[in-house]
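1. structure for the following, please:
(one chain, ligands or ions: 1)
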Amino acid sequence: MSALEIAGLVHAYGPHRVLDNLDLRIAPGEFVALIGPNGSGKTTLLRCLAGILAPQQGRVAIAGIALGEDALAAKQRLGFAVDPTLLPPLLTGRQCLELFAGARGLGGVPAATLALAGELAFDTWLDREVQSYSLGTRQKLGILLGVIGEPPLIVLDEPMNGLDPLSAFALKQYLVRLTRENGCAVLLATHALEVAERFISRCVLLLGGRLVQDWDTAALDAIRHDADNSLEQVMVEALRRFGAPRTD
Ligand SMILES: Nc1ncnc2c1ncn2[C@@H]1O[C@H](COP(=O)(O)OP(=O)(O)OP(=O)(O)O)[C@@H](O)[C@H]1O
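-> Below is the predicted model:
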């Protein structure tokens, strides 16, 4: 069974069709980077998966459950990092984690989540109110809430943005472990191609409302082993080939 199956997804803001019959299938254990220029629709796609936006057409199934048929059951199988600006200011990090653990039907905050909190140097913030957090600290809590219970599909939008280098590294290591050892699938939108290149098992390029290029593990390995090549170069070439507008 696929961790994620998207077929014919369409989302438009008024007349502006951002996702145009998009298809994607992700298997359990895949660590997929979603890349694309500014405004190509990465966040829109992730919000459609999380049920925050309602697509006009198409089907999304998470671990075999269609979002349009049983939204609650589908969302139970999805982890989505909470927007740092939407966290409740008067709760502590631990209270937020307990709330989410309860909503997921877990007996308490899992040891794995608390261990990740330690690796992200968030443990000292657990018992303080969210309103006292810096933006990066809020982002760490948003990520912890997204991965709690380690559901079959985890979706993250630019999670390394704003994290200090040690925390960003710890998060990447955690996500690699999660995919390789626990069989979770991760879909991560990012502009950090060097991150994508080193850690992921697959990369998809969103352009013109569709995924126009899909690099599998073998293709990424070939790029990694070619001293004269990088995902950045390959992506620039792909953008030229597909006629992306220049932003400079
Ligand atoms: N609420 C909205 N109303 C109207 N247009 C929107 C809205 N949200 C996004 N858009 C437009 O949809 C397109 C896709 O935006 P989106 O944020 O999904 O792209 P993105 O790939 O995540 O971009 P970035 O890399 O800059 O974060 C853009 O043209 C954007 O201006």
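2. please count neighbours and contacts with C-alpha atoms only from this point.
-> Noted.
3. what helix or strand does Ala121 sit in?
-> Ala121 belongs to no helix or strand when assigned by DSSP states H and E.
4. okay, Gly209 and Gly36: tell me how far apart.
-> Distance of Gly209 to Gly36, computed by C-alpha to C-alpha, to the nearest Å: 10 Å.
5. what parts of this protein come near the ligand?
-> In this structure, the chain approaches the ligand at residues Tyr13, Val18, Pro37, Asn38, Gly39, Ser40, Gly41, Lys42, Thr43, Thr44, judged by C-alpha under 6 Å from any ligand atom.
6. any chance of the residues you listed in CSV, with pLDDT and secondary structure too?
-> As requested, those are exported to CSV (pLDDT from 0 to 100; DSSP: H, G, I helix; E, B strand; the rest coil):
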residue, pLDDT, secondary structure
Tyr13, 96, strand
Val18, 97, strand
Pro37, 90, coil
Asn38, 92, coil
Gly39, 94, coil
Ser40, 94, coil
Gly41, 96, coil
Lys42, 96, helix
Thr43, 95, helix
Thr44, 97, helix
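7. and those residues, which of them are buried?
-> Buried members of the residues of the chain next to the ligand, counted by 16 or more other C-alpha atoms under 10 Å: Val18, Pro37, Ser40, Gly41, Lys42, Thr43, Thr44.
8. so what pLDDT did the closest residue to the fifth one other than its chain neighbours get?
-> To tie it back to what came earlier, the one meant is Lys42. Nearest non-adjacent residue to Lys42, counting by C-alpha to C-alpha, 6 or more residues apart in numbering: Ala189, 6.4 Å away. For Ala189, the model assigns a pLDDT of 95.
9. what are the bridge partners for Ala189, then?
-> On the basis of DSSP bridges, Ala189 is bridged to Leu34, Asp157.
10. for it, what are its contacts?
-> Neighbouring residues of Ala189 by C-alpha atoms under 8 Å, 6 or more residues apart in numbering: Ala33, Leu34, Ile35, Lys42, Thr43, Leu156, Asp157, Glu158.
11. list just the nearest of those residues to Arg224.
-> Ala33 (15.2 Å; C-alpha to C-alpha).
12. now the closest one: how far from the ligand?
-> Distance, Ala33 to the ligand, by C-alpha to the nearest ligand atom, to the nearest Å: 13 Å.
13. give me the pLDDT value at that residue.
-> At Ala33, pLDDT is 95.
14. go on, Glu150?
-> The predicted structure scores Glu150 at 95 on the pLDDT scale.
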